[in-house]
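J.: no sequence for this one, just the structure:
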């Protein structure tokens with residue numbers, strides 16, 4: 001009787017699971033059929049234009065040919081816009097199966113590589129080292145290129161370089177405000193570059209001098225949170241670099257219950273836009289630490305699995321997405337400290353920087369590579 005009951009539960013679970021699959025399949029098939037129909041219409045239209053153009057050319061109908069070409073160019077732009085919308089439609093989802101402690105299987109959205117963007121320019125001398133990626137408006141991303149001491153803006157829609165600026169020192173990390181302003185740290189320098197409108201001009205900026213050398217900066221409520229080195233103090237300064245307060249005197253003195261240091265080399269950060277908490281990665285201690293606005297310090301995670309954590313960003317659920325430099329992977333660290341890989345498989349380069357478009361769930365990854373990688377997660 002017990003075996004029969006187990007069978008009933010098993011068959012019921014499988015039927016429920018298959019019903020959910022059928023719902024997804026029917027919806028996806030309907031969507032894909034619409035896309036295929038659109039592409040068929042486009043191909044048919046292109047064929048019709050080609051035949052009409054050949055006819056006009058063969059009959060020497062120059063006026064008709066000119067009108068046809070102009071009309072075709074206009075209509076082709078409309079087709080291009082429609083096709084681009086189809087290519088960026090976030091309703092297209094890839095799925096995977098993962099074990100679940102409470103059920104037989106769990107259906108999840110599987111991450112996949114959308115595309116790679118070649119970011120090397122003819123004026124670049126060295127292999128890229130992208131130390132940070134920041135998202136601007138209108139599908140623009142700004143890259144901090146450490147190796148060539150440059151800031152670059154790319155249009156991710158058409159994979160083109162929009163702007164390129166050479167700096168005196170190597171840029172490291174950036175903080176972009178909701179109004180489109182950018183603050184850029186320079187490798188180990190006691191100064192920050194403030195760009196009022198980086199999407200329009202990368203060459204016009206003002207320098208903000210700060211007392212102390214640092215790599216990480218975050219902008220919150222018109223003040224700058226700066227994470228210094230030696231000592232690893234966390235300070236808050238105004239937009240002119242004047243110190244407002246010391247949030248923490250020295251993070252390197254913080255220890256676990258066992259007396260172990262968990263942060264000695266803070267080089268990258270991200271922040272919670274709601275609370276202003278600053279999260280700092282330490283590649284020497286394989287850790288991520290939270291520093292709240294009132295100065296409380298909390299170890300989020302310390303694990304060899306992170307294997308040299310570098311750049312990081314926050315997702316909408318409060319989890320942290322972080323680059324594992326030595327593992328050539330990107331991990332998600334949940335609030336309970338659980339660590340999961342974000343990517344379908346490790347990368348073929350050492351990642352250093354990540355940025356997440358929270359609206360579309362597109363993840364941009366850069367590092368020691370002349371390409372920018374875009375994943376759907």
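T.: Arrived safely. Since we're looking at a predicted model, the values are computed, not measured.
J.: how about low-confidence regions in this structure?
T.: Residues of the chain meeting the criterion pLDDT under 70: 87-108.
J.: who's in contact with the spatially most central residue of it?
T.: By CA atoms, centre = their mean, the chain has its centre lying nearest to residue 355, at 2.3 Å. Contacts for residue 355 were tallied using CB atoms under 8 Å, 6 or more residues apart in numbering; they are 133-135, 141, 313, 363-364. Backbone N, C-alpha and C define where each C-beta goes, glycine included.
J.: wait, which of those is closest to residue 77?
T.: Distance ranking of the contacts of residue 355 against residue 77, using CB to CB, places residue 141 first at 24.5 Å.
J.: now the element after the helix or strand harbouring the closest one, going C-ward?
T.: Using DSSP states H and E, residue 141 falls within strand 140-145. Downstream of strand 140-145, the first helix or strand assigned by DSSP H and E is strand 150-155.
J.: sorry, back to before: the residue nearest to the centre of the chain pairs with what?
T.: With DSSP bridges as the criterion, residue 355 is bridged to residue 364.
J.: I'd like the distance between it and residue 60.
T.: According to CB to CB, to the nearest Å, residue 355 stands 55 Å off from residue 60.
J.: likewise residue 279?
T.: 70 Å.
J.: so between those two, which is more surrounded?
T.: Taking other CB atoms under 10 Å, residue 279 and residue 60 do not tie; residue 279 has more neighbours (23 against 8).
J.: a strand runs through that one, doesn't it?
T.: Yes - Residue 279: assigned to a strand according to DSSP: H, G, I helix; E, B strand; the rest coil.
J.: ok, it touching residue 320?
T.: Yes - if you go by CB atoms under 8 Å, residue 279 and residue 320 touch, sitting 5.9 Å apart.
J.: show me whatever sits in contact with both of the two.
T.: Common neighbours of residue 279 and residue 320 (CB under 8 Å, 6+ apart) are 270, 288, 300, 312, 314.
J.: for those residues, which single residue is the most surrounded?
T.: Neighbours here mean other CB under 10 Å. Within these, the largest count is held by residue 288, at 27 neighbours.
J.: list the contacts of it.
T.: By CB under 8 Å, 6+ apart, residue 288 lies in contact with 279-282, 299-301, 306, 309, 312, 320, 322, 333.
J.: surely it is in a strand?
T.: Yes - Residue 288 forms part of a strand when assessed by three-state DSSP.
J.: for the residue nearest to it when sequence neighbours are not counted, give its distance to residue 265.
T.: Leaving aside its sequence neighbours, residue 288 sits nearest to residue 300 (CB to CB, 6 or more residues apart in numbering; 4.6 Å). Counting by CB to CB, the gap from residue 300 to residue 265 is 16 Å.
J.: ditto for residue 305
T.: Shown here: residue 305 relative to residue 265, a distance of 18 Å by CB to CB.
J.: buried set for stretch 200-211?
T.: Residues of stretch 200-211 classed as buried by neighbour count (16 or more other CB atoms under 10 Å): 202, 205, 208, 210.
J.: kindly report the same for stretch 338-347.
T.: 342-343, 347.
J.: kindly present those as JSON lines, with separate columns for distance to residue 198.
T.: Shown next, in JSON lines, are the buried residues of stretch 338-347 (distance: CB to CB, whole Å):
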{"residue": "342", "distance to residue 198": "27"}
{"residue": "343", "distance to residue 198": "28"}
{"residue": "347", "distance to residue 198": "27"}
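J.: in strands only, show me the residues you listed.
T.: Among those, no member falls in strands (criterion: DSSP state E).
J.: what sits up against stretch 188-206?
T.: Applying CB under 8 Å, 6+ apart, the contact partners of stretch 188-206 are 136-138, 140, 142, 151-153, 162-165, 167, 169, 171, 176, 180-186, 207-215, 217, 224, 226, 229, 239, 241.
J.: run the last query once more with 6 Å
T.: 136, 140, 142, 151, 163, 165, 169, 181-185, 207-210, 212-213, 217 (CB atoms under 6 Å, 6 or more residues apart in numbering).
J.: show me the strands in the stretch 201-350 of the chain, by range?
T.: All strands of the stretch 201-350 of the chain, identified by DSSP state E, counting those that start in this stretch, fall at 206-209, 214-220, 223-228, 234-237, 243-248, 266-271, 278-282, 287-291, 297-302, 309-314, 320-324, 329-333, 339-341.
J.: could I get the ones you listed as a markdown table with distance to residue 126?
T.: Formatted as a markdown table, the strands of the stretch 201-350 of the chain follow (distance: least, CB to CB, whole Å):
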| stretch | distance to residue 126 |
| --- | --- |
| strand 206-209 | 25 |
| strand 214-220 | 20 |
| strand 223-228 | 27 |
| strand 234-237 | 32 |
| strand 243-248 | 36 |
| strand 266-271 | 20 |
| strand 278-282 | 24 |
| strand 287-291 | 30 |
| strand 297-302 | 33 |
| strand 309-314 | 19 |
| strand 320-324 | 20 |
| strand 329-333 | 24 |
| strand 339-341 | 30 |
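J.: of those strands, which is nearest residue 22?
T.: Judged by CB to CB, the one of the strands of the stretch 201-350 of the chain that comes nearest to residue 22 is strand 339-341, at 28.2 Å.
J.: the closest one packs against which elements?
T.: If you count contacts as 3 or more CB pairs under 6 Å, 6 or more residues apart in numbering; DSSP states H and E, strand 339-341 packs onto strand 329-333.
J.: what pairs with the strand it packs on, parallel or antiparallel?
T.: The partner list of strand 329-333 in its sheet, established with DSSP bridges, is strand 320-324 (antiparallel), strand 339-341 (antiparallel).
J.: looking at these, which is closest to residue 85?
T.: For these, proximity to residue 85 was assessed by CB to CB; strand 320-324 is nearest, at 26.8 Å.
J.: which outside residues touch that closest one?
T.: Residues outside strand 320-324 that contact it (CB under 6 Å, 6+ apart): 279, 288, 306-307, 309-314, 330-333, 351-352, 354.
J.: no further queries at this time; thank you.
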